[in-house]
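Enquirer: Okay, predicted coordinates and the sequence, questions at the end:
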Amino acid sequence: MFSRPRKLDTEEELYDVALRALMRRAHSVHEMKQKLARRTDNDLLVRVVMARLKENGQLDDERYAQQFARHRTQSRKQGQFRIARELRTRGVSDRLINSALEESAAQSDPAAMVRQHIARKLKSYRGRKSAEKIDDKKIASIYGSLLRAGFPSDLIRKELHRITHGPVPEVDGL
């Protein structure tokens with residue numbers, strides 16, 4: 001159904017591919033290298049284009065990690081573990097990830113994000129006027145969704161305990 005993109009032979013063609021990709025979204029150095037390597041068999045050409053992108057300031061893992069962490073924290077309300085995992089899969093070094101997460105944490109309150117998430121879930125469970133009891137299954141569901149969002153389990157348990165006013169059961173398998 002889809003044809004394989006044609007292999008490119010010149011630096012300018014490969015550079016244009018890189019610029020078009022960067023106009024759509026930011027890329028890590030690792031992602032861009034993979035993208036360019038798929039478009040040519042010439043490894044030297046990939047290295048030349050990568051060096052040009054870095055020299056022009058169009059490719060910078062530190063800036064990429066900071067923007068990624070800021071966006072995922074503020075817009076998507078994700079926790080540090082999920083952000084770190086996703087940055088690692090994009091080939092960003094742990095040193096840059098830690099730096100970006102520290103900067104992002106200074107500008108946000110993970111406990112407040114967890115409370116907002118819990119409140120949203122509880123509102124959907126209870127409906128607008130019903131005040132039914134939240135059972136262990138619903139608490140486990142909230143707990144699991146917060147773990148998948150990348151928040152620390154001790155913070156989740158503390159906030160669930162605070163909101164439900166009861167001990168939060170240990171959840172296995174999540």
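Expert: Cool, got the structure. Residues are numbered from 1 along each chain as shown.
Enquirer: what's stretch 107-126 in contact with?
Expert: Stretch 107-126 is contacted from outside by 70, 73-74, 77, 79-80, 132, 134, 138, 141-142, 145-146, 149, 151-152, 155-156, 158-160, 163, using C-beta atoms under 8 Å, 6 or more residues apart in numbering. Just so you know, the C-beta spots here come from the backbone N, C-alpha and C atoms, and that holds for glycine as well.
Enquirer: Now the buried members of those residues.
Expert: 70, 73, 77, 79-80, 134, 138, 142, 146, 149, 151, 156, 159-160, 163 (16 or more other C-beta atoms under 10 Å).
Enquirer: By neighbour count, which bits of the host helix or strand of V114 are buried? Give me those.
Expert: Taking DSSP states H and E as the definition, one finds V114 inside helix 110-126. Under the neighbour-count criterion of 16+ other C-beta under 10 Å, helix 110-126 has P110, M113, V114, H117, I118, K121 buried.
Enquirer: Tabulate those residues (TSV), appending distance to L44 and pLDDT.
Expert: Listed next are the buried residues of helix 110-126 as TSV, based on distance: C-beta to C-beta, whole Å; pLDDT from 0 to 100:
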residue	distance to L44	pLDDT
P110	45	91
M113	46	93
V114	49	93
H117	49	92
I118	54	90
K121	53	88
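Enquirer: So, low pLDDT: which residues of the protein?
Expert: Low-confidence segments of the chain, defined by pLDDT under 70: 1-3, 127-133, 165-174.
Enquirer: Not counting sequence-adjacent ones, nearest residue to V17?
Expert: Distance criterion C-beta to C-beta, 6 or more residues apart in numbering; nearest residue to V17, sequence neighbours excluded, is R39 at 5.6 Å.
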